[in-house]
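In: Turn this into a structure:
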Amino acid sequence: MRTFATVLVLALVSTLSKAPAQTAGGPPGGAIEAIVIDPKDSTIIYAATDWSGVFKSIDSGQNWTAINTGLTKTAVHSLSIDPLNVGTLYAGTASGVFKTVNGGRIWTDSSSGLPQTAGISMITMLAIDPVHPQTLYAGTFDRIFKSIDGAKTWMAVASHPKVTQTSSFAALAVDPLQPNVVYAAAADSGLLKSANGGKNWKSIANERADTVLLDPSNPAVIYTSSSGSGEILKSTDHGEHWSRFRSFPRSYSLALATNSKEPATLYAGSFDGRVFKSTNRGETWAEVSSATGNEIKILVSDPANLDVLYAGTGGGVLKSIDGGTSWRSANLGITNSNISIIAIAPSESAVVYVGTYGGGISKSSDGGKSWTAANAGLAIPDIWSLAIDPTDAARVYAGTFKGIFKSTNGGATWSDTSRGLPEVAICSLFIDRSNTAVLYATASSDGKAFKSTNGGDSWEELRFGFPRLGGCGLVMNPANSSVLYATSSVGTLKSSDAGKSWQKDGAGSGTFAGLWRDSTNLAIDPASASTLYAVSSAGVFKSPDRGETWTAISTATPTKGLRRFLFDPTNPSIIYSEAELKGLFNSTNGGLSWKPINSGLPDLSTRALVLDPADPLTLYVGTFKRGVFKSTDGGESWQPTGAK
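Out: Modelled structure (predicted):
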């Protein structure tokens, strides 16, 4: 979900971007911001990620290697390659431009003259003058900068009155026959043109402009896409007049691609993962694929073979070798996955499913050594929750920000199983171990909970008779599946009949009173079903009487904001937990005291901690943009899972 991801990135930038992480785990993939192909050797490809720097492939995308030495700002939003000196590339980052002259082995900061103010220093787009490659253009949120000395120095060029700080330049293009002619696509200001190398600009299309593409055989022909109108616009006279073609749904953000060998053929990729093709320079379009399953942000055509396409998506790189009809993942070695949830199959602990923001679901059948994408039929790539049938590792449920999907074949295919659900974000899912046809789901934004009694085929809302739930706080008594607990603004709610009726089990008396809306998790002591734990931004709380009374047992700063409890099933006094930007913690005395357990992790942006019930010393944890890590010694040390 893009809005969530954007907010999270802004919250983490100041904490995590001071230096690039040295380690990252699988599954492979993650959001791709730019792809460039070496114009002299199309087996060499570069991909920019939104957090983990630049990756390079020398085998047409089969394998990738991080090339970040010297790249101290690894949130890379744009890439450009010198067409004459192909070892020279420029990377536009969240804080300036970096340059390499040796194919990415070493990068140097080349930001002199560019803005340094947080929030406006992001380089959203780069373009190189193909005739004089020492001349470059860089777009920020509200201005265009120019360098005439290979990025040693930059100067601001005149902007246009329509451009504001919220415009954000989405694309830049330089006319290869008239290099003083430059085009700039602005998200909120339309398509702009300069005829004098950026000194002056004029508006040539008022529509919101998401892309700009020049016909490689005739740069007087320009294409641009507009998510504002849902149309592709074409000009044959350098932007003086326009024709409108294929209408897509509004808010479609389209990526466009063509090829110098066959410029009459164009491709368009959409935000919902569909690919369209035109063989008559945009006059007509036909859908050729709807199977990518992810937002297509970038489309690039292999200059040596028009049938070979690469797509940069929220989940990684996809490759097609048949003109966009079919696609396969091409992410091996790219480690930029934004982990949202992890689930271990109770009946087969080597089987692990991982959900991501933007990249769908990956599966490992060997305890995280290797991963396989498992997204066929999964229409929503932002995964918020997972649940695996305790008796059948092939039956899996995925909660997304728009409903629930189900797989009965180990993630090979998925089907929507949201009948009876409103369009809500499902933040938790769990299955009744005594009757696996019974499932429960909670929706964080709506404070509602739902139940299915037929394996997810249909759902009904649980009626509490009280105000909305607090967070995702719905739990089942492991010893008696008819007993459920939930947190709400009035205290602990209890059901003794599997959710049919609810009673206010306690008014939240004691130190925990008034903190129910802030409670992020409830947990039941596996050794004593009457003992409840709750975590919130105020600390850790315990109730010995099913929620009637509560006592704060830990309010030390490190434990404020813990998000979940994991009990060692062989010794419930051992508890594991994690908190945003604070990392992982464990307690060996029932939650009274805690210590950090982060050795081997790249940073403290942890989430989705899970424990292997068959081996309590084995844990997995997800990270922000660094993949999944695994511990086999109770969290004392962590290693990245396989990126293959």
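In: Do a quick rundown of the helices in the stretch 101-250 of the chain.
Out: Taking DSSP state H, counting those that start in this stretch, the stretch 101-250 of the chain contains no helices at all.
In: Any regions of it where pLDDT drops low?
Out: The model of the stretch 101-250 of the chain has pLDDT under 70 over residues 118-119, 159-167, 249-250.
In: Who does residue 524 form a beta bridge with?
Out: residue 532 (DSSP bridges).
In: That one touches residue 474, doesn't it?
Out: No: under the criterion of Cβ atoms under 8 Å, residue 524 is not in contact with residue 474, lying 11.5 Å apart. To be clear about C-beta, it is placed using only N, CA and C from the backbone, and glycine gets the same treatment.
In: Could the C-alpha coordinates of stretch 597-610 be exported in CSV?
Out: Listed next in CSV are the C-alpha coordinates belonging to stretch 597-610 (Å, rounded to 0.1, in the frame of the first residue of the first chain):
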residue,chain,number,x,y,z
ILE,A,597,19.0,-9.4,21.2
ASN,A,598,20.1,-7.8,17.9
SER,A,599,23.5,-9.2,17.2
GLY,A,600,23.9,-9.7,13.5
LEU,A,601,21.0,-7.6,12.4
PRO,A,602,21.7,-4.7,10.0
ASP,A,603,19.7,-2.2,12.0
LEU,A,604,16.8,-2.0,14.4
SER,A,605,14.0,-1.8,11.9
THR,A,606,12.5,-5.2,12.9
ARG,A,607,9.0,-6.6,12.5
ALA,A,608,7.1,-9.8,12.1
LEU,A,609,9.0,-11.8,14.7
VAL,A,610,8.0,-15.5,14.7
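In: Now do the buried residues in it.
Out: For stretch 597-610, burial by neighbour count (16 or more other Cβ atoms under 10 Å) applies to 597-598, 601-610.
In: Looking at those, which one is closest to residue 62?
Out: Relative to residue 62, the closest of the buried residues of stretch 597-610 is residue 602; by Cβ to Cβ it sits at 25.5 Å.
In: hey, where'd the helices end up in the chain?
Out: 2-16 (DSSP state H).
In: what sits in contact with each of residue 524 and residue 474?
Out: Residues within reach of residue 524 and of residue 474 at once, by Cβ atoms under 8 Å, 6 or more residues apart in numbering, are residue 485.
In: In strands, which of the buried residues of stretch 597-610 appear?
Out: 606-610 (DSSP state E).
In: do you know how far the most far-flung residue of the chain relative to its centre is from residue 589?
Out: In terms of distance from the mean C-alpha position of the chain, residue 545 ranks first, at 41.0 Å (Cα atoms, centre = their mean). According to Cβ to Cβ, to the nearest Å, residue 545 stands 21 Å off from residue 589.
In: swap in residue 304?
Out: 64 Å.
In: which of these two has more neighbours?
Out: Taking other Cβ atoms under 10 Å, residue 304 and residue 589 do not tie; residue 304 has more neighbours (15 against 11).
In: excluding its backbone neighbours, what's nearest that one?
Out: Spatial nearest neighbour of residue 304, excluding adjacent residues (Cβ to Cβ, 6 or more residues apart in numbering): residue 42 at 4.4 Å.
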